[in-house]
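**Q** quick one, structure for this:
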Amino acid sequence: MEYLLPTLRKKQEVDSIIRDTIDKVLVLRFGRSSDAVCLQLDDILYKSARDVSKFATVALVDIDSDEIQIYLKYFDITLIPSVIFFFNAHHMKMDSGSADHTKWIATFQRKQDFIDVVEAIYRGAMKGKLIVSCPLPPERVPKFQLLYKDV
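**A** Numbers count the residues shown, from 1 in each chain. As a prediction, this is how the structure comes out:
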């Protein structure tokens with residue numbers, strides 16, 4: 001999918017797309033192009049990119065790049081694929097009923113689920129919110145048991 005959606009491999013590329021995306025939701029998928037679940041998510045992102053193009057930009061971030069490791073630590077990305085949302089350089093969070101509001105972990109079940117989430121984040125961001133409620137029903141939200149070490 002990296003030939004269909006922009007793929008970022010350098011810290012400077014990620015910094016500039018976060019900084020330069022104005023009045024749109026920036027969707028960054030952190031993962032590997034060789035991972036089957038990432039490819040499934042990439043397919044949904046690619047099919048949805050045109051539908052959300054008026055209010056969102058989608059990009060892929062290759063986690064195997066050495067320069068990207070700083071983002072993996074900063075956003076605590078341990079499971080892939082992870083999707084992080086930004087609006088006007090602000091990290092947007094989503095309350096999906098899990099303990100981690102900072103990112104979406106795993107793939108979306110359907111194209112419409114992704115569109116609904118991005119639209120909810122856009123609407124909330126336009127109202128000045130930094131955290132929004134997940135518009136999906138609980139049965140379509142992936143559940144993970146988060147374990148915190150040394151807290």
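**Q** quick check: what element follows the least confident helix or strand in the chain by mean pLDDT along the chain?
**A** Across the helices and strands of the chain, mean confidence by mean pLDDT, DSSP states H and E is lowest for strand 104-105: a mean of 88. Following strand 104-105 in sequence order, the next helix or strand is helix 111-126 (DSSP states H and E).
**Q** could you list every helix and strand that that following helix packs against?
**A** Using 3 or more CB pairs under 8 Å, 6 or more residues apart in numbering; DSSP states H and E as the contact test, the elements touching helix 111-126 are strand 25-31, helix 36-49, strand 82-87, strand 90-95, strand 131-133. C-beta coordinates here come from the backbone N, C-alpha and C atoms, glycine included.
**Q** what about the closest residue to S65 other than its chain neighbours, neighbour count?
**A** Closest residue to S65 apart from its sequence neighbours, by CB to CB, 6 or more residues apart in numbering: R9 at 4.3 Å. By other CB atoms under 10 Å, 16 other residues sit near R9.
**Q** for S33, same thing?
**A** 14.
**Q** before we move on, back to that, isn't the residue nearest to S65 up against D66?
**A** No - judged on CB atoms under 8 Å, R9 makes no contact with D66 at a distance of 9.3 Å.
**Q** distance of the residue most central in space within the chain from G128?
**A** For the chain, V83 is the residue whose C-alpha lies nearest the centre (CA atoms, centre = their mean; 2.2 Å). Separation of V83 from G128 (CB to CB, to the nearest Å): 22 Å.
**Q** what is the end-to-end distance of stretch 18-31?
**A** Terminal residues of stretch 18-31 lie 17 Å apart, using CA to CA, to the nearest Å.
**Q** list the buried residues in it.
**A** 18, 21, 24-31 (16 or more other CB atoms under 10 Å).
**Q** what does stretch 67-86 give?
**A** 68, 71, 77, 79-86.
**Q** farthest pair within those residues?
**A** Using CB to CB, those span at most 19.6 Å, a distance reached by L79 and F86.
**Q** next, count neighbours for R110.
**A** R110 has 13 nearby residues by other CB under 10 Å.
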